[in-house]
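Colleague: make a model of this:
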Amino acid sequence: MERSNLCVKVIEVYAKRLYTPTKIPGVKYTVNQYVGCEHACLYCYSKFVCRWKRYGEWGTWVEAKVNAPQLAKKYVKGRVSMSTVSDPYQPVEKKLRLTQRVLEAMDKRIELSVLTKSDLVARDIELFKKFERIEVGLTVNGFVDQVKKVFESNSPSHSQRIAALKALVDERVRTYAFISPAIPELVDVESLLMELRGLVEMVYVEVLNLRLSGSKFRAALRQLAPKSYDILTKHHQSYVKELIDGLKRSSIPHAKVVVHHPRFAVLDVC
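Modeller: Below is the predicted model of the structure:
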């Protein structure tokens with residue numbers, strides 16, 4: 001069944017399962033009560049699902065698993081990551097409350113990791129506090145002005161995300177930050193680390209994956225920031241080394257760098 005949510009098409013489906021086994025390092029299952037994302041970030045790696053989800057251009061549709069709360073009741077062992085091909089707190093969540101209902105239904109013994117770009121996450125703080133083992137992360141990159149408009153115009157602002165982290169910390173919910181995509185010249189990682197001081201226990205810094213970001217993003221990056229594009233294509237390893245050195249100088253107690261070239265790896269820094 002399809003129904004309209006402003007300019008975004010919402011497709012209601014019934015799923016066979018919610019907990020999907022994954023090979024992501026350190027994660028046993030992924031949970032995606034939504035597929036697709038209204039944030040429509042130009043660089044989003046999850047665009048690959050459009051190969052078989054033929055609802056239209058990425059960002060114009062969202063698939064909602066309406067029976068997800070029922071499926072969420074199953075207990076699973078191992079770390080569970082929410083979400084990987086969507087954002088659990090994208091705008092449609094305000095109306096459907098699917099994420100909220102999944103959290104309510106979940107066994108609170110589940111080891112859960114939540115990642116979002118939205119300050120709507122603060123709505124569910126009381127639910128997070130019921131879990132025995134949980135961490136809640138915000139993706140941050142500090143994009144503003146033209147860069148924000150071109151790369152992720154539909155997502156909440158940087159200040160809104162920082163405010164959400166503060167709200168979570170104030171309620172003693174364990175937090176982390178996912179600095180992504182790390183792009184030389186455009187994302188000031190060291191400044192972000194200073195701003196995150198005292199707000200998170202862990203920081204992941206993900207270097208932009210040019211291949212997965214897609215041709216439209218690569219063209220936009222070359223036009224908007226040719227020097228950034230040049231560094232990523234010709235001086236990738238030097239840029240990663242600079243990131244690692246910056247993380248070592250920071251006061252963040254735990255930090256990792258996520259790289260996709262020449263192969264996928266999560267590098268422990270401190």
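
Colleague: residues near F48, how many?
Modeller: Neighbouring residues of F48 were enumerated by other C-beta atoms under 10 Å; the total is 13. For glycine as for every other residue, the C-beta is placed from the backbone atoms N, C-alpha and C.

Colleague: mind listing what it touches?
Modeller: With contact set as C-beta atoms under 8 Å, 6 or more residues apart in numbering, F48 has these partners: L212.

Colleague: for it, grab phi and psi.
Modeller: Reported as degrees, to the nearest 10, the phi and psi values for F48 are phi -60, psi -20.

Colleague: that one and D124, how far apart?
Modeller: 28 Å (C-beta to C-beta, to the nearest Å).

Colleague: could you pull out the strands for the stretch 151-270 of the chain?
Modeller: For the stretch 151-270 of the chain, applying DSSP state E, counting those that start in this stretch gives strands covering 175-182, 202-207, 254-259, 265-268.

Colleague: and of these, who's closest to V80?
Modeller: Each of the strands of the stretch 151-270 of the chain has some distance to V80 by C-beta to C-beta; the shortest is strand 175-182, at 15.0 Å.

Colleague: where does the chain dip in pLDDT?
Modeller: Counting by pLDDT under 70, the ranges of the chain that qualify are 1-6.

Colleague: same thing but at 50, please
Modeller: Scanning the chain for pLDDT under 50 picks out 1-5.

Colleague: any idea how it splits into domains?
Modeller: Dividing the chain into domains by automatic domain parsing, as the record does, gives the ranges 1-173, 178-270.

Colleague: returning to that earlier point: can I get the strands of the stretch 151-270 of the chain in JSON lines including mean neighbour count?
Modeller: JSON lines is the format used below for these (neighbours: other C-beta atoms under 10 Å):
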{"stretch": "strand 175-182", "mean neighbour count": "23"}
{"stretch": "strand 202-207", "mean neighbour count": "22"}
{"stretch": "strand 254-259", "mean neighbour count": "20"}
{"stretch": "strand 265-268", "mean neighbour count": "12"}
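
Colleague: of those strands, which is nearest Q90?
Modeller: strand 175-182 (15.9 Å).

Colleague: and the angle for that closest one with strand 202-207?
Modeller: Relative orientation of strand 175-182 versus strand 202-207 (axes from the mean of the first three to the mean of the last three C-alpha atoms, to 10 degrees): 10 degrees.

Colleague: and the contacts of strand 175-182?
Modeller: Contacts with strand 175-182, where a contact means C-beta under 8 Å, 6+ apart, come from 43, 115, 135-141, 165, 168-169, 187, 189, 192, 196, 199-209, 213, 243, 258.

Colleague: direction included, what does that strand pair up with?
Modeller: strand 133-140 (parallel), strand 202-207 (parallel) (DSSP bridges).

Colleague: redo those as TSV? Include distance to M82.
Modeller: Output for these, formatted as TSV (distance: least, C-beta to C-beta, whole Å):
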stretch	distance to M82
strand 133-140	10
strand 202-207	16
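
Colleague: between these, which one is nearest to D268?
Modeller: strand 202-207 (10.9 Å).

Colleague: other residues contacting the closest one?
Modeller: By C-beta under 8 Å, 6+ apart, the residues outside strand 202-207 that reach it are 135, 137, 176-182, 189, 193, 196, 232, 236, 239-240, 243, 247, 250, 252-261, 266.

Colleague: can you check stretch 215-228 too?
Modeller: Stretch 215-228 is contacted by residues 42-43, 146-147, 150-151, 183-186, 210, 213, 229 when judged by C-beta under 8 Å, 6+ apart.

Colleague: is there a quick PyMOL command that grabs whichever of the contacts of strand 175-182 are buried?
Modeller: Applied in PyMOL, the following selects the buried portion of the contacts of strand 175-182 according to 16 or more other C-beta atoms under 10 Å:
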select buried, resi 43+115+135+136+137+138+139+140+141+165+168+169+187+189+192+196+199+200+202+203+204+205+206+207+208+209+213+243+258
